[in-house]
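Student: my questions are about this predicted structure, shown below with the sequence.
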Amino acid sequence: MIKVSKIEHRGNTQILLQFEYNNEVVKMLKTIEKLQFTKTHKGWYIPYDGKSWKTFLALKLPFEIHTNTTENSEALANINQVNYKPTEITHTGTASPSLKSSDNAGITSENSTDVKLTLALHGDNGERYIHQSKGGREVWYSGGRFVIKISFNDEDVKFLKSIKGWWNQNLKRWILKGTLDNLLALQSYYDFWDTESYNKIEDIILTVSKPYAITLYKVPEERNSVMVQVIGHNANLDIIKHLSEREYHKENKRWSIPNDAAVIERLVEIYRKDGAMILNRLPLLGEDYQKMRPSYGDWKRHWLEKTDKDLRDIVEPYLDALSAKRYSLRTFDAYIGPFIRFVKHIGINKIHQINSTDIRSYMTKLGSEKVSDTYLNTAINSIKFYYQQVVFNKDLVIEEIKRPKKAKPLPVILSTSEIDRILRSTENLKHATLLYTLYSSGIRLNEILSLRVEDLWWDRDQVMIKSGKGKKDRIVPFSGVLKRLMTAYFDEYKPIYWVFEGQDRKYQYSEKSVQNVVKRAALSAKINKKVTPHTIRHCYATHLLDGGTDIRYIQELLGHANITTTLIYTHVTNHSINKIQSPLDRLMSNDLDSGFLGTNAKKSES
């Protein structure tokens with residue numbers, strides 16, 4: 001179901017189309033001129049005009065109008081001047097043909113006295129709606145809403161408010177969500193419909209709330225099969241039962257069929273003819289599933305645009321050298337700022353005439369300012385890169401420049417009980433799976449974002465980490481607990497390529513999203529320390545060391561190139577520290593009643 005709403009975006013009024021990603025739906029929408037995707041609103045949008053709207057209607061995709069204010073409702077009501085002649089419902093189908101609506105009611109006004117309704121469902125015979133009147137009261141069912149016309153009386157108003165109805169001032173009607181509970185409540189109170197009409201509306205509501213659809217997707221435990229879920233009102237299971245090589249998984253409520261293109265194509269064709277919506281979550285051949293990051297060329301253009309014109313002749317070859325060396329985009333960001341600052345201080349004309357003393361003087365000046373030790377080290381590295389990798393000045397000895405002593409802070413570590421509280425702090429399955437994956441494998445933030453479905457080696461209980469830090473591959477264990485959670489996660493979210501994918505299912509989840517998940521989980525668990533995804537990695541390593549795992553294995557699991565990096569966890573593990581008895585405990589162990597504690601205890605008793 002596509003959610004349709006009016007938004008203000010890029011200085012213009014647009015029609016926003018939001019839906020769970022479906023490649024076939026996207027292909028259909030792309031036939032609309034000027035269709036664009038917005039990350040801000042997490043959906044597709046088209047111009048707010050009659051032409052675009054008519055083109056959208058012609059696609060006959062299922063949708064619901066979502067508005068939050070009367071002002072927004074009235075604006076949507078004016079988008080399309082085409083009037084439709086409603087007829088009695090005899091058939092249910094896909095979508096409402098008109099955006100002339102108010103408060104999601106699907107109401108259009110032909111003039112001030114004639115109010116017409118258009119349905120959120122239409123079939124082969126055009127647009128449909130149901131109207132009933134009794135005892136001076138009228139009710140329409142349309143567009144997933146009940147619209148009620150009554151003469152004012154306190155009892156009716158009290159009743160409609162009790163079932164969360166609201167008054168639409170523009171239409172002078174009461175609006176009510178079209179749910180089965182509300183249908184039953186209206187029938188019990190007003191006795192509007194006969195059995196046949198009631199059953200028709202009930203069938204429509206079920207069709208809208210539980211649309212007939214099949215979903216095809218992959219799961220890591222069944223590499224040679226495709227999973228099929230058949231759901232919705234009046235779903236036809238006989239079609240898939242006619243396949244000879246199908247198997248039903250009762251626990252997961254899904255079917256598996258052979259991963260055969262001809263079998264899949266035939267199944268989809270039959271279900272489409274039967275009226276089912278097809279949700280294809282299988283990776284598409286030739287589709288470019290991308291990491292959510294710009295290319296080197298994009299990053300170069302970004303920095304050149306930010307750079308003063310008179311500095312570009314120096315900065316551009318610097319960026320080209322970083323790109324040729326395939327330095328990470330993080331290094332781009334880290335180096336270019338301090339380097340430009342250095343060039344501005346030295347001067348463009350003198351940049352190739354300086355010596356080690358000039359650089360040392362610059363670093364002394366920089367060190368007197370409010371900058372971190374990390375920034376000072378990065379500044380030296382950025383200058384060194386220019387003279388050694390860009391202009392190849394071998395006479396300039398930068399190694400002699402003294403660097404600030406590197407601080408060695410201990411990592412923030414959470415106890416196992418604190419980690420347990422974090423893991424239990426969210427009811428969102430995707431967020432929980434993210435947290436469990438971070439703690440069960442100790443992988444870095446960029447590594448969990450780059451995790452592909454094919455990297456989960458189910459039968460071997462292993463997870464492949466491709467191109468981790470330093471562009472190195474490694475393997476980490478696949479926790480049994482995580483596997484059970486992943487089974488539920490795949491059935492619910494059905495990722496296509498990336499295990500944790502973004503809103504449009506083509507790009508990976510964003511770094512900021514993962515950081516926010518961890519931050520909110522820590523707050524919910526009432527953890528007072530600063531917790532980041534890397535904090536959970538520290539906890540993974542420390543808890544392994546606490547449990548007696550050899551430091552060399554931990555080094556391999558973390559992907560550390562040097563054992564000294566891993567040894568930092570020996571300073572925070574309680575594996576050996578807990579065996580050490582404090583001299584105070586040893587001194588007082590035989591006579592706890594003596595000294596300050598015993599004396600004050602006796603004073604408090606007296």
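Tutor: Now that the structure is in, tell me what you want to look at.
Student: show me the shaky parts of this structure.
Tutor: Along the chain, the parts satisfying pLDDT under 70 run over 67-129, 286-288, 290-294, 575-581, 586-606.
Student: geometric centre of it: which residue is closest?
Tutor: For the chain, the residue nearest the mean C-alpha position is Gly502 (4.6 Å; CA atoms, centre = their mean).
Student: give the burial count for the closest residue to it other than its chain neighbours, as a bare number.
Tutor: Among residues not flanking Gly502 along the chain, Tyr509 sits closest, at 5.5 Å (CB to CB, 6 or more residues apart in numbering). Glycine gets a C-beta too; all of them are placed from N, C-alpha and C. By the criterion of other CB atoms under 10 Å, Tyr509 has 21 neighbours.
Student: and Tyr509, how close does it get to Pro495?
Tutor: For Tyr509, the distance to Pro495 equals 10 Å [CB to CB, to the nearest Å].
Student: what is in contact with the two at once?
Tutor: Residues touching both Tyr509 and Pro495 comprise Glu501, with contact defined as CB atoms under 8 Å, 6 or more residues apart in numbering.
Student: assign a three-state SS to the residue lying closest to Asp455 once chain neighbours are set aside, would you?
Tutor: Spatial nearest neighbour of Asp455, chain neighbours left out: Met464 (4.4 Å); criterion: CB to CB, 6+ apart. Met464 carries the three-state label strand when classified by DSSP: H, G, I helix; E, B strand; the rest coil.
Student: is Met464 bridged to anything, and to what?
Tutor: Counting by DSSP bridges, Met464 forms beta bridges with Ile475.
Student: report the contact partners of it.
Tutor: Contacts of Met464 (CB under 8 Å, 6+ apart): Asp455, Trp457, Asp473, Ile475.
Student: repeat that for Leu319.
Tutor: Contacts for Leu319 were tallied using CB under 8 Å, 6+ apart; they are Trp299, Lys300, Trp303, Leu304, Phe332, Ile336.
Student: go with 7 Å
Tutor: Residues near Leu319 by CB atoms under 7 Å, 6 or more residues apart in numbering: Lys300, Trp303.
Student: so how far is Glu305 from it?
Tutor: Distance of Leu319 to Glu305, given as CB to CB: 12 Å.
Student: likewise Thr570?
Tutor: Separation of Thr570 from Glu305 (CB to CB): 47 Å.
Student: out of those two, which sits in the more crowded spot?
Tutor: Remark: of Thr570 and Glu305, Thr570 carries more neighbours, 13 against 8, as counted by other CB under 10 Å.
Student: for that one, what are its contacts?
Tutor: Residues near Thr570 by CB under 7 Å, 6+ apart: Leu545.
Student: confirm it sits in a helix?
Tutor: Yes - read with three-state DSSP, Thr570 is one of the residues of a helix.
Student: one step back: out of the contacts of Met464, list just those in strands.
Tutor: Among the contacts of Met464, the ones falling in strands (DSSP state E) are Trp457, Ile475.
Student: are any of the contacts of Met464 buried, and which?
Tutor: Burial by neighbour count, 16 or more other CB atoms under 10 Å: within the contacts of Met464 this picks out Asp455.
Student: Three-state assignment for Glu140, please.
Tutor: Wrong residue type there; residue 140 is Trp, not Glu. The three-state assignment at Trp140 reads strand, by three-state DSSP.
Student: what pairs with it across the strands?
Tutor: His131, Val147.
Student: distance of it relative to Ser162?
Tutor: With distances taken as CB to CB, Trp140 is found 20 Å from Ser162.
Student: now the element after the helix or strand containing Ile7, going C-ward?
Tutor: Element membership of Ile7, judged by DSSP states H and E, is strand 2-9. Sequence-wise, the next helix or strand downstream of strand 2-9 (DSSP H and E) is strand 12-18.
Student: which helices and strands sit right next to the helix or strand following that following strand?
Tutor: The first helix or strand that comes after strand 12-18 along the chain, using DSSP H and E, is helix 23-29. Other elements packing on helix 23-29 under the criterion 3 or more CB pairs under 7 Å, 6 or more residues apart in numbering; DSSP states H and E are strand 277-280.
Student: contacts for the strand it packs on, please.
Tutor: By CB under 7 Å, 6+ apart, the residues outside strand 277-280 that reach it are Asn22, Asn23, Glu24, Pro211, Tyr212, Ala213, Ile214, Thr215, Leu216, Val268, Tyr271, Arg272.
Student: and those, which two are furthest apart?
Tutor: Across the contacts of strand 277-280, the longest distance by CB to CB is 19.0 Å; it joins Asn23 and Tyr212.
Student: so what's Leu16 bridging to?
Tutor: In beta-bridge terms (that is, DSSP bridges), Leu16 pairs with Ser5, Tyr45.
Student: neighbours of it, just the number please.
Tutor: Look at Leu16: counted by other CB under 10 Å, it has 20 neighbours.
Student: got a list of what it touches?
Tutor: Ser5, Ile7, His41, Gly43, Tyr45.
Student: swap in 8 Å and give it another go.
Tutor: Going by CB under 8 Å, 6+ apart, Leu16 touches Lys3, Val4, Ser5, Lys6, Ile7, His9, Thr38, His41, Gly43, Trp44, Tyr45.
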